[in-house]
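J.: Following is a predicted model, sequence given first.
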Amino acid sequence: MSMVQRPFGVNPCAAGGHLRRHHARLCLRRASSVDATTGNLPGGSSSSNRRRKKQAAEESQLEVLYDDGFGSVTMKDYWEAVRAMPRDDGGPPRWFCPVECGRPVVDRAPLLLFLPGTDGVGMELILHHQSLGKLFEVCCFHIPVNDRTSFEGLLQIVEEYVKYESALSPSRPIYIVGDSFGGCLAISVAARNPEIDLVLTLVNPATSSAKSSWQAVLPLLETMPSNLPVVQPHLLRYLIGNPLNGALVSVQNGLSPQETLQEFSNSLASMLPLVSELGDIIQMGTLVWKLKLLKSGANYANSQLHAVQAEVLLLASGIANLPPSGEADRLFKTLKNSKLRYFRNRGDRLLMGYGFNLLTIIKGVNMYRRGRQRDFVNDFLSPTLSEFKKTFGEDFKLFNQLLSPVMLSTLKNGNIVRGLAGVPDKGPVLFVGYHQLLAMEVPALVEGFLREKKTILRAAAHQVFFVGNYEILRQELSLFDWFSAFGAVPVSPINTYKMFERNEFVLLYPGGVREALHRKGEAYKLFWPDQPEFVRMAARFGVTVVPFGCVGEDDFVEIVLDYNDQKNIPYLKDAIKSFNADFKGLIRDTVKGDDGNQVLHLPAVLPKVPGRLYFLFGKPIEMKGMDNVLTDRNKANEVYLQIESEVENVVSYLKRKRNEDPYRSITRRALYHATQGPSTQVPTFEA
């Protein structure tokens with residue numbers, strides 16, 4: 001293998017002075033990244049290579065609900081890193097690997113390069129170092145405060161390092177996270193290197209900084225002495241951020257008002273001396289140079305937008321100073337392959353905002369991959385403990401309290417018990433069930449399995465969750481992102497095959513969209529196709545099939561405007577037709593008549609006084625040893641009809657038994673929680 005030359009003047013993953021001693025380390029070069037990427041060894045057979053790849057994939061799977069360390073670092077750590085910046089030795093820009101990142105725990109972890117904002121310190125990712133470091137090789141760019149390298153010079157340094165890493169591992173993507181000014185660098189590098197597999201995350205990119213109010217006062221600032229300390233708070237905040245926001249990030253969630261105020265005061269008191277010290281060191285000449293650098297970078301990046309071929313994720317805040325209103329939309333419409341998430345209620349320093357988890361966002365938008373193409377099954381990353389707490393302890397907490405789900409399962413002897421004891425502990429397992437209206441049961445289902453079984457349900461979901469850029473996606477983490485982050489994959493035979501091969505727990509709704517978006521009067525009616533293909537695949541892998549049912553949708557909402565009503569309204573009819581034009585194969589010929597029409601639409605519903613959600617998992621059906629299903633179509637259809645009948649029986653059982661639940665009413669459940677405690681499990685009917 002030919003040697004790859006390190007670019008001249010670049011010392012990868014090395015930082016000097018106080019910055020290195022506190023927050024960085026030297027990173028050893030990968031000895032043979034190309035071989036590690038391909039997984040091929042000289043003389044190895046294809047079958048042994050497949051076994052080796054499968055073993056490597058299993059070893060690299062993260063533990064479910066693992067601790068990613070997010071939230072363990074405070075803003076005080078960032079301010080200390082910034083304070084170390086002016087005392088650097090004044091050397092050239094260089095790369096460093098933060099100590100907090102450690103080494104990746106997944107196989108073939110991609111490289112992540114961080115390009116800093118205006119301050120240049122390169123530590124703006126400090127709140128994310130631990131979480132990102134488990135899944136990426138993280139390397140940050142540092143620009144010393146007194147450095148005067150031009151934008152073209154900085155671009156050359158970054159570009160040479162990107163080329164160097166790409167030559168080492170050509171089949172792995174390189175992620176570039178560009179914050180503010182770093183976004184201009186990232187855009188420029190991608191435009192100049194379309195042949196390199198790059199994935200950009202642009203955080204409030206400063207592409208509009210040339211038009212900002214700061215550029216208007218630049219001539220006035222240039223008249224001031226260059227050695228004048230920058231002590232004016234507004235000017236200093238432009239370079240290093242707002243200490244008030246930093247103090248808020250350091251406050252833990254869930255504290256009482258008195259405790260919150262006390263912790264905020266302590267945090268702010270510890271930061272103000274650091275800010276004051278920086279104000280005495282950073283000089284006016286530095287501010288003027290940064291403004292000129294921003295203008296140069298913005299102009300160059302804007303001239304190159306049309307040439308960017310890389311995947312791009314745009315993260316924009318609603319009350320940021322940069323970019324101004326409309327800049328994110330402009331970039332979204334200009335960049336060919338981009339996604340946009342808009343955080344309306346956050347400040348300009350998104351990476352340092354409370355609860356802003358960059359890793360969760362990358363996972364949610366399906367942009368984490370370890371090869372040229374995204375593999376929805378093998379590239380999936382287990383949800384972390386912090387993601388579980390945020391999602392089900394905050395985002396879905398009220399929803400879960402309203403639904404108060406009851407989960408029942410069937411033991412091998414036929415007894416029905418509360419909980420999931422009747423569900424197998426090991427995969428592969430295929431859960432086949434009925435889809436509630438608007439898939440309202442899925443969050444409760446996923447949470448229940450994570451909480452009780454520490455197991456991820458890999459839902460086979462409609463392609464609408466994974467393709468396209470619709471208005472609903474241009475917001476802070478949408479429901480679509482939630483599905484992806486917690487294991488959903490596009491429904492397809494290939495993905496199902498891979499999940500069975502990995503012994504996963506797979507969730508399948510044969511009724512699909514037609515069931516989840518049913519019409520008036522169709523509650524609890526199954527719309528299954530006449531194709532028993534999943535039965536054959538389950539038999540091939542010896543999968544355990546668990547039929548299940550769920551009732552309760554009619555306890556929460558009532559449909560007032562379904563598809564039959566909407567298709568007769570001209571405006572709604574045209575909107576539905578336009579939206580569905582992007583999706584093919586929605587009409588299922590194997591379901592007779594209009595029952596096979598899986599048109600995507602949003603039924604209008606009215607809420608009811610909440611009742612309760614009930615799940616029942618039927619007796620597991622062992623498919624191991626049923627080889628006759630693979631060759632005998634009639635036998636396969638017989639098993640298919642048996643599973644369908646089991647689901648219908650489970651639904652009928654739950655509809656009947658819920659009438660015996662003394663706590664079906666939300667009022668009774670609220671009183672029970674008030675007397676027994678909010679975390680107490682509410683009783684239900686006798687099974």
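T.: Received it, and whenever you're ready, just let me know what you need.
J.: Could you give the separation between the terminal residues of stretch 416-433?
T.: Start and end residues of stretch 416-433 are separated by 17 Å (CA to CA, to the nearest Å).
J.: how many neighbours does residue 467 have?
T.: Residues lying near residue 467 (other CB atoms under 10 Å) number 12. All C-beta atoms are positioned from the backbone trio N, CA, C, and that covers glycine.
J.: doesn't it fall inside a strand?
T.: No. Residue 467: not assigned to a strand; according to DSSP: H, G, I helix; E, B strand; the rest coil it is coil.
J.: mind checking pLDDT for it?
T.: Residue 467 is assigned 72 on the pLDDT scale.
J.: how far away is it from residue 204?
T.: Taking CB to CB, to the nearest Å as the measure, residue 467 falls 26 Å from residue 204.
J.: Residue 164 now?
T.: Separation of residue 164 from residue 204 (CB to CB): 28 Å.
J.: And the two? Which one has more around it.
T.: More neighbours surround residue 204 than the other of residue 164 and residue 204, with 28 against 15 (other CB under 10 Å).
J.: Hmm, the more buried one is touching residue 331, no?
T.: No. With contacts counted by CB atoms under 8 Å, residue 204 stays clear of residue 331, the gap being 10.6 Å.
J.: For residue 476, give me its contacts.
T.: Taking CB atoms under 8 Å, 6 or more residues apart in numbering, we find residue 476 in contact with 341, 342, 343, 344.
J.: and of those residues, the nearest to residue 491?
T.: Distance to residue 491, by CB to CB, is smallest for residue 341 among the contacts of residue 476, at 24.8 Å.
J.: Looks like the closest one contacts residue 312 (just checking).
T.: No. With contact defined as CB under 8 Å, residue 341 does not reach residue 312; the gap is 11.6 Å.
J.: Between the two, which is the more surrounded one?
T.: More crowded of residue 341 and residue 312, by other CB under 10 Å: residue 312, with 28 against 20.
J.: Would you mind measuring from that one to residue 358?
T.: Look at residue 312 and residue 358: by CB to CB, they are 15 Å apart.
J.: Now tell me which helix or strand of the protein has the poorest mean pLDDT.
T.: Of all helical and strand segments in the chain, the minimum by mean pLDDT, DSSP states H and E falls on helix 33-38, at a mean of 37.
J.: which element is residue 549 on?
T.: Following DSSP states H and E, one finds residue 549 within strand 544-551.
J.: Check which element follows that strand along the chain.
T.: With secondary structure assigned by DSSP H and E, strand 544-551 is succeeded by strand 557-561.
J.: Show me what that following strand is packed up against.
T.: Strand 557-561 sits against strand 604-607, with contacts defined as 3 or more CB pairs under 8 Å, 6 or more residues apart in numbering; DSSP states H and E.
J.: Just give the strands next to the helix or strand just after the strand it packs on in its sheet, each with its orientation.
T.: For strand 604-607, the succeeding helix or strand toward the C-terminus, using DSSP H and E, is strand 614-617. Taking DSSP bridges as the criterion, strand 614-617 forms sheet pairs with strand 406-410 (parallel), strand 544-551 (antiparallel).
J.: what does strand 614-617 rub up against?
T.: With contacts defined as CB under 8 Å, 6+ apart, strand 614-617 is touched by 405-410, 416, 420, 422-423, 431, 441, 444-445, 448, 546-552, 650, 653-654, 657-658, 661, 684.
J.: Thank you, goodbye.
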